[in-house]
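Novice: I'll drop the sequence and a predicted model, then ask my questions.
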Amino acid sequence: MRVLIACEYSGTVRDAFIRAGHDALSCDLLPTESPGPHYQKDVRDILGDGWDLMIAHPPCTHLAVSGARWFKDKQVEQAEALDFVRLLLAAPIPRIALENPVSIISSRIRKPDQIIQPWQYGHEATKTTCLWLQNVPPLVPTEIVGKGARHVTKSGKSLPEWYNLPPSPDRWKIRSATFPGIAAAMATQWGVLA
């Protein structure tokens, strides 16, 4: 199967599909962090290149509801981000899975088909992940474990440990990464759809 992993610099999902025997390519404006097939340009350049499956991770900066307090100041950026999501969902690829956190995609485009958590795939962590699926079945949990440590803020709000990272240049990368157990489930469950 030819698999395009759109908006992925880590190589996590790409490498899971390669390990499962597929021809997979990651694509992002950033260089890949893991050696392997990677197209470091705009994904729009290659959407029509005959892919069997695309798993897309569009940037959530202007979409995620965790940043709702800034929505009023970024209407243009939000509109552009939603247009990009629409473009990905309309790509000429028979099977598409689009991944994002809880976001305005749900209210502006459509509700997700599935919501998953890392603790359903072998990671003791909570990170609500929404999936918009086209000709792709929902993922089946592979290894349910504990939900992981949580941190309580001064206001009493409970946040997962990975969310409450100290400021750093790589904080956004760490928080946006796909958990390997989820990537493996995608490769083993969706890699048999050809």
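Specialist: Looks like it arrived, so ask away.
Novice: Let me know the pLDDT of residue 128.
Specialist: Here the pLDDT value assigned to residue 128 is 89.
Novice: Now do it against residue 56, distance only.
Specialist: 18 Å (CB to CB, to the nearest Å). Any C-beta I mention is one placed from the backbone N, CA and C, and that applies to glycine too.
Novice: Which one's more surrounded, these two?
Specialist: Neighbour count, other CB atoms under 10 Å: between residue 128 and residue 56, residue 56 has more, with 25 against 13.
Novice: for the more buried one, what are its contacts?
Specialist: Applying CB atoms under 8 Å, 6 or more residues apart in numbering, we find residue 56 in contact with 5-7, 43, 88, 96-99.
Novice: Now rank those by neighbours and give me the top one.
Specialist: That'd be residue 5 among these, by other CB under 10 Å, with 31 neighbours.
Novice: Around the residue lying closest to residue 34 once chain neighbours are set aside, how many other residues sit close by?
Specialist: Using CB to CB, 6 or more residues apart in numbering and skipping residues adjacent in sequence, the residue nearest residue 34 is residue 11, 3.2 Å away. Using other CB under 10 Å, residue 11 has 22 other residues around it.
Novice: which residues of the protein fall in helices?
Specialist: 12-19, 75-89, 105-108, 171-176, 180-190 (DSSP state H).
Novice: got a list of contacts for the third one?
Specialist: It refers to helix 105-108. Outside helix 105-108, the residues that reach it (CB under 8 Å, 6+ apart) are 63, 82, 85, 98, 112, 130, 132.
Novice: 7 Å - rerun?
Specialist: 63, 82, 85, 112, 132 (CB atoms under 7 Å, 6 or more residues apart in numbering).
Novice: Might you report the residue contacts of the third one?
Specialist: Residues counted as contacts of residue 85 (CB under 7 Å, 6+ apart) are 58, 98, 105, 109.
Novice: make it 10 Å
Specialist: By CB atoms under 10 Å, 6 or more residues apart in numbering, the contact list for residue 85 reads 56, 58-59, 63, 98, 100, 103-105, 108-109, 132.
Novice: Buried only: go through these for me.
Specialist: 56, 58-59, 63, 98, 100, 103-105, 109, 132 (16 or more other CB atoms under 10 Å).
Novice: Per-residue pLDDT of the residue nearest to residue 34, please?
Specialist: 96.
Novice: Please report how far residue 116 lies from residue 137.
Specialist: Distance, residue 116 to residue 137, by CB to CB: 13 Å.
Novice: One more: residue 75?
Specialist: From residue 75 to residue 137 the distance is 36 Å (CB to CB).
Novice: So the two - more neighbours on which side?
Specialist: Counting neighbours by other CB under 10 Å for residue 75 and for residue 137 shows that residue 137 has the greater number, 13 against 10.
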